[in-house]
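**Q** Kindly return the folded structure for what I paste below:
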Amino acid sequence: MTTGEMIRTRREQLGITQVDLAERVNITKQLLWKYEAGNVTNIPLCTLERIAEELKMNPAVLVGWEDKEEDELKEYLEELRTRPEMKMLFESSRGMTVEQVKAVVAMIEGFKK
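**A** Prediction:
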């Protein structure tokens, strides 16, 4: 996945519009669109760092220097360490079948809507 694709995918996962992200990192929406489309590949490091910060990502993962799965695992572990409610959910799901976990996830998604 290219850096632009990573930016777009993560931005969409977080529900952030191009306009919002561009404003947060102090660039134009048109420039962000070019980054996401892969039309501009030499993104300044300071801009990459600001984008990564807004997308709650490690800049090294954003540019493909580190593995995304490893970074996600670090994020999950940090949430388990710092958020008691996440630890409670994790501990409660131990021993459940895949079907039971999927049912709980569906219920949680329903609450979020």
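
**Q** Tell me where the model's unsure across the chain.
**A** 66-69, 71 (pLDDT under 70).

**Q** make it 90
**A** The model of the chain has pLDDT under 90 over residues 1-3, 6, 40-42, 56-81, 83, 86-94, 111-113.

**Q** Now N26. Nearest residue, chain neighbours left out?
**A** R50 (7.3 Å; Cβ to Cβ, 6 or more residues apart in numbering). Bear in mind the C-beta positions are built from the backbone N, C-alpha and C, glycine included.

**Q** Other residues contacting the helix or strand harbouring that neighbour?
**A** Following DSSP states H and E, one finds R50 within helix 45-54. With contacts defined as Cβ atoms under 8 Å, 6 or more residues apart in numbering, helix 45-54 is touched by 3, 7, 16, 21, 24-27, 35, 43, 58-59, 61-63.

**Q** are any of these buried, and which?
**A** T3, I7, L21, V25, I27, Y35, I43, N58, P59, V61, L62 (16 or more other Cβ atoms under 10 Å).

**Q** For the third one, grab phi and psi.
**A** Looking back up the chat, that one is L21. phi -60, psi -40 (degrees, to the nearest 10).
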